[in-house]
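J.: what follows is a predicted protein model with its sequence.
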Amino acid sequence: MGAFVAAAQGGVPLVPVALRGTRRVLRGSSWFPRRGRIEVEIEPPLLPDGADWDAALRLRERARRDLLALCGEPDALA
């Protein structure tokens, strides 16, 4: 929550960055990365709509929604 609270309190945009392909390259069963392709996608900045805790939560949810749509992974919290 730190980045979301800081962005909300500071009134500054948060830039979501999605990584795709990391599960193939960084497998949970090994400390060593495998050769493979990782894609990075940078989304447009998200502006907070307030400076309080609720604004930070809303910002987090917007970023999470955007990143889930980009990363191609299932929603682990659903």
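T.: On my side now, so go ahead. Quantities reported herein were computed from a predicted structural model and do not represent experimental measurements. Numbers count the residues shown, from 1 in each chain.
J.: give the buried residues for the helix or strand containing Ala18.
T.: According to DSSP states H and E, Ala18 maps onto strand 17-20. By neighbour count on 16 or more other CB atoms under 10 Å, the buried set for strand 17-20 is 18-19. To be clear about C-beta, it is placed using only N, CA and C from the backbone, and glycine gets the same treatment.
J.: for it, enumerate its sheet partners and note whether each is parallel or antiparallel.
T.: strand 39-42 (antiparallel) (DSSP bridges).
J.: now the helices for this protein?
T.: Ranges of helices in the chain, per DSSP state H, are 2-10, 22-25, 53-71.
J.: turn the ones you listed into a markdown table, columns for mean neighbour count and distance to Leu47.
T.: Supplementary listing: the helices of the chain in a markdown table, determined by neighbours: other CB atoms under 10 Å; distance: least, CB to CB, whole Å:
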| stretch | mean neighbour count | distance to Leu47 |
| --- | --- | --- |
| helix 2-10 | 16 | 9 |
| helix 22-25 | 14 | 28 |
| helix 53-71 | 16 | 8 |
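J.: how about TSV for these, with mean pLDDT added?
T.: Formatted as TSV, these follow (pLDDT from 0 to 100):
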stretch	mean pLDDT
helix 2-10	96
helix 22-25	85
helix 53-71	93
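J.: dump the ones you listed into a markdown table; add distance to Trp31 as well.
T.: A markdown table is the format used below for these (distance: least, CB to CB, whole Å):
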| stretch | distance to Trp31 |
| --- | --- |
| helix 2-10 | 27 |
| helix 22-25 | 13 |
| helix 53-71 | 23 |
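J.: minimum distance to Glu43: which of those helices has it?
T.: Glu43 sits nearest to helix 53-71 of all the helices of the chain, at 5.5 Å, using CB to CB.
J.: now do the closest one: everything it contacts.
T.: Helix 53-71 has contacts (CB atoms under 8 Å, 6 or more residues apart in numbering) with 1, 4-5, 7-9, 14, 16, 18-20, 41, 43, 46, 48-50, 75.
J.: let's see that with 10 Å instead.
T.: Residues outside helix 53-71 that contact it (CB atoms under 10 Å, 6 or more residues apart in numbering): 1-9, 11, 13-23, 39, 41-44, 46-50, 52, 73-78.
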